[in-house]
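# My questions concern the predicted model and sequence given below.
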Amino acid sequence: MPVCPKRYLFYIAQNYAYAMLRPLQQVIKARGDAVYWFLEGSEVDPKHLRGDELCWQSVNQVIEWQPDAVFVPGNVVPSFIPGLKVALFHGFDTGKRKSEGNKGHFAIRDCFDLYCTQGPSSTARFQELAQQHGHFEVKETGWAALDPLFQTQSGNPFDSTDGRKTILMCSTFSKHISCARQLFDTVKRLTTSGEWRWLIQFHPKMDPEVVAMYRSLESEHCQFIETDNVLPLLTAADAMLCDTSSIVLMFLMQHKPVVTFNNKMPGPHLYNITDESKVHQALTHVLMQPPELINAIKQYTEHIHPYTDGHSSERVLAATDELLAKGTSHLKAKPSNIVRHLKMRKKLAYWKL
């Protein structure tokens with residue numbers, strides 16, 4: 001008998017999730033299964049949907065469709081959305097949330113049946129939490145969002161042939177750890193000099209005032225980019241200037257150097273500085289690809305994401321299908337978080353029982 005196509009829902013709450021899930025979507029469609037998107041709220045812009053991407057407009061439609069599994073590159077998903085709930089994460093653990101007084105990457109919010117972890121550094125802790133809580137499984141798959149980083153790509157709009165090195169500057173939106181305001185005058189001076197080509201991209205929640213400041217730097221030497229897909233920027237740059245944003249770890253996957261400013265978890269894999277007057281010196285140094293730094297980067301990335309084959313999406317689907325086949329009867333019931341449950345119902349204007 002023919003096998004019925006599986007139904008997979010992509011539940012997203014931020015624009016950057018589009019690019020994170022598209023590698024997985026490509027694999028799902030290639031094997032003949034169905035994908036629909038669901039956009040949680042006003043922070044997700046439907047204009048980023050492509051012409052061939054399908055989207056449910058209401059919770060009622062999702063429930064009627066009855067997805068087999070729901071993939072979430074975020075922190076929460078409503079319990080009233082049907083299907084196996086799979087956490088895919090929206091970044092790596094940089095430690096910045098620990099400084100804000102919560103568990104960050106390892107927070108268990110009682111929403112998921114399966115966590116697809118990125119590498120040994122996250123798998124071991126989630127396995128401990130799985131034993132402690134008992135209501136979810138853990139499978140190390142690699143991060144599907146990075147698959148294109150390890151596959152041959154062509155036509156990168158941010159590539160250049162002018163011979164200069166390219167610096168990518170990024171920053172998180174959290175004011176107390178963002179480098180953007182403090183480094184503005186320095187970056188303005190460096191972009192004006194023309195020594196390097198600059199690409200600048202910030203977290204979508206960045207203060208609009210800061211965005212306007214950096215937009216003013218646009219010139220033949222500097223381009224400010226707002227995008228839902230940062231991977232082409234990562235591949236186009238030779239070095240990065242950043243703070244404690246998780247995009248730092250994505251950039252390191254290419255074994256390229258990063259200069260961080262006041263990073264909250266510095267280590268030998270980063271060239272961290274605390275004095276803005278050292279930015280030029282630091283970038284000049286890392287662009288020389290110092291062997292000690294590059295070796296430290298390689299060791300570090302092996303620990304957080306050892307998968308460089310570009311097939312993490314396939315591993316995510318295999319782990320999901322395995323749990324679908326096995327079922328979840330062996331897992332404990334999830335705790336009922338009434339407050340969160342009501343907040344999600346209010347946000348999605350869904351009150352049916």
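Thanks, I have the structure now.
# low-confidence ranges in the stretch 101-250 of the chain?
Counting by pLDDT under 70, the stretch 101-250 of the chain has low-confidence residues at 101-103.
# how about the helices in it?
Along the stretch 101-250 of the chain, counting by DSSP state H, counting those that start in this stretch, helices occupy 120-133, 180-193, 208-215, 231-236, 247-252.
# How far does the fourth one sit from its chain's centre?
Using CA atoms, centre = their mean, to the nearest Å, the mean C-alpha position of helix 231-236 is found 14 Å from that of the whole chain.
# for the helices of the stretch 101-250 of the chain, which one sits closest to H90?
Distance to H90, taken as CB to CB, is lowest for helix 247-252 among the helices of the stretch 101-250 of the chain, at 10.9 Å. Every C-beta, even on glycine, is put in place using the N, C-alpha and C of the backbone.
# Send me the following helix or strand past that closest one as CSV with only the CA atoms.
Helices and strands here follow DSSP states H and E; after helix 247-252, the next one along the chain is strand 258-261. This file holds the C-alpha atoms of strand 258-261, laid out as CSV (Å, rounded to 0.1, in the frame of the first residue of the first chain):
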residue,chain,number,x,y,z
VAL,A,258,35.8,36.8,15.2
VAL,A,259,36.8,39.9,17.2
THR,A,260,34.4,40.3,20.1
PHE,A,261,33.9,43.3,22.3
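# strands paired with strand 258-261, and their directions?
The strands that strand 258-261 pairs with in its sheet are strand 239-242 (parallel), strand 271-273 (parallel) (by DSSP bridges).
# who wins for proximity to Q201 among those?
Closest among the strands paired with strand 258-261, using CB to CB: strand 239-242, at 10.1 Å.
# how about the strands paired with strand 258-261 in a markdown table, adding distance to S160 and mean neighbour count?
Formatted as a markdown table, the strands paired with strand 258-261 follow (distance: least, CB to CB, whole Å; neighbours: other CB atoms under 10 Å):
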| stretch | distance to S160 | mean neighbour count |
| --- | --- | --- |
| strand 239-242 | 14 | 25 |
| strand 271-273 | 23 | 20 |
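# how about these, which one is nearest K332?
Of all those, strand 239-242 sits nearest to K332, with 39.9 Å by CB to CB.
# Not counting its own residues, what contacts that closest one?
Residues outside strand 239-242 that contact it (CB atoms under 8 Å, 6 or more residues apart in numbering): 165-171, 179, 183, 187, 247-248, 251, 256-261, 279, 283, 286-287.
# Please apply the same query to stretch 291-299.
Taking CB under 8 Å, 6+ apart as the rule, stretch 291-299 contacts 252, 255-257, 267-269, 271, 286.
# now those: which count as buried?
Among the contacts of stretch 291-299, those buried by neighbour count (16 or more other CB atoms under 10 Å) are 252, 256-257, 269, 271, 286.
# Export those as TSV, with columns for pLDDT and distance to C4.
Shown next, in TSV, are the buried ones among the contacts of stretch 291-299 (pLDDT from 0 to 100; distance: CB to CB, whole Å):
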residue	pLDDT	distance to C4
L252	98	42
K256	98	44
P257	98	49
H269	98	46
Y271	98	53
V286	98	52
